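S.K.: give me a 3D structure for the following:
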Amino acid sequence: MAWNYRVIYQPKGEEITWDSDTFSIREVFYNDLGEIEHWSDEDATPYGTTFEELAADFDLMQEAFERPILMVIETEEGLEGLIELEDEEGEEEEEA
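M.R.: Below is the predicted model:
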């Protein structure tokens, strides 16, 4: 199972407001088809048992800013899901 860090956007209400909503970096896990299986409940914090490991983990986190933002949504089944956002205006790119 593959994983990476992604920026997760979580709106506080029904409408996207950007100024009162939250952004965080989380670990996102993918199946063999590259589809999102699940993501961490907690915000990510850089970690390492050595300085070099900490720096490498931080570098992986920085790569999250090069990928589309993922927004938390409620699916038709009433579960949480993620969709990719194209830009900060909240236009959806594709469902993930």
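
S.K.: which residues of this structure score low on pLDDT?
M.R.: Within the chain, the set of residues satisfying pLDDT under 70 comprises 13-20, 87-96.

S.K.: which residues in it form helices?
M.R.: Applying DSSP state H to the chain gives helices spanning 51-62.

S.K.: show me where the protein has strands.
M.R.: Using DSSP state E, the strands found in the chain span residues 2-10, 22-30, 36-39, 70-74, 80-85, 92-95.

S.K.: how much does the fourth one deviate in direction from strand 22-30?
M.R.: Inter-element angle recorded for strand 70-74 and strand 22-30: 90 degrees (by axes from the mean of the first three to the mean of the last three C-alpha atoms, to 10 degrees).

S.K.: same question, the first one
M.R.: Between the axes of strand 2-10 and strand 22-30, defined by the same axes, to 10 degrees, the angle is 150 degrees.

S.K.: and of the strands of the chain, who's closest to Q62?
M.R.: strand 2-10 (8.5 Å; C-beta to C-beta). Where C-beta positions appear, they are placed from N, C-alpha and C, glycine not excepted.

S.K.: still on that earlier bit, redo the strands of the chain as a markdown table? Include distance to T49.
M.R.: Formatted as a markdown table, the strands of the chain follow (distance: least, C-beta to C-beta, whole Å):
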| stretch | distance to T49 |
| --- | --- |
| strand 2-10 | 19 |
| strand 22-30 | 18 |
| strand 36-39 | 24 |
| strand 70-74 | 29 |
| strand 80-85 | 30 |
| strand 92-95 | 37 |
